[in-house]
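S.K.: got a sequence here, can you build the structure:
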Amino acid sequence: MTKLPDEFVKKTKKTLLSVVIAVAIAVPVRAALFSTYRAKTDAVSPEVPKGSYVFVYKLATSFRSGDIVVYRGQDKAMLGRVMDFDKSTGIIRVERRDGNPKELSPTTVIGRAVLNTR
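M.R.: Numbers count the residues shown, from 1 in each chain. Reported below is the predicted structural model:
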């Protein structure tokens, strides 16, 4: 049986340790700060077409007209376009192509979409 060179073993251990540390940092950060969702309808197209994935910042606390948000509705995550945001109450009015505008409490909002695929 041939012995592996010491330099190869050292580099392999260092690489594995780097990967473990990166995963240990990335998993909690992703769980607390960011999440991904898939647009199953054209509710906020053309910004987010059906089938696109959105990257959502969960700690967003202020919103502007035109922002895309993900919120809990009808026992699933839904996308909506912000029409108005009342800073004093935190109430967000959103619109979707498939229905009437809705008023959302801050507790129902998951976060603001910061990036999407097309």
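
S.K.: near Leu104, how many other residues are there?
M.R.: A total of 21 residues lie near Leu104 under the criterion other CB atoms under 10 Å. All C-beta atoms are positioned from the backbone trio N, CA, C, and that covers glycine.

S.K.: which residues touch it?
M.R.: 69, 71, 80, 91-94 (CB atoms under 8 Å, 6 or more residues apart in numbering).

S.K.: with Ser105 instead?
M.R.: Ser105 makes contact with 90-91 under the criterion CB under 8 Å, 6+ apart.

S.K.: got the confidence number for the nearest residue to Asn116 once chain neighbours are set aside?
M.R.: With sequence-adjacent residues excluded and distances taken as CB to CB, 6 or more residues apart in numbering, Asn116 is closest to Val54, at 4.5 Å. If you check Val54, the pLDDT there is 95.

S.K.: for the strand or helix carrying Val54, what is the distance to the chain centroid?
M.R.: Using DSSP states H and E, Val54 sits in strand 53-57. Put simply, strand 53-57 sits 3 Å off its chain's centre (CA atoms, centre = their mean, to the nearest Å).

S.K.: which of the residues in it are buried?
M.R.: Of all the residues in strand 53-57, those buried under the rule 16 or more other CB atoms under 10 Å are 54, 56.

S.K.: dump the residue contacts of Ile91.
M.R.: Residues in contact with Ile91, defined by CB under 8 Å, 6+ apart, are 85, 103-106.

S.K.: please name the bridge partners of the residue nearest to the spatial centre of the chain.
M.R.: Centroid-nearest residue in the chain, with CA atoms, centre = their mean: Val56, separated by 2.1 Å. Taking DSSP bridges, one finds Ser35, Ala113 as the beta-bridge partners of Val56.

S.K.: distance of it relative to Val114?
M.R.: To Val114, Val56 is 7 Å away according to CB to CB, to the nearest Å.
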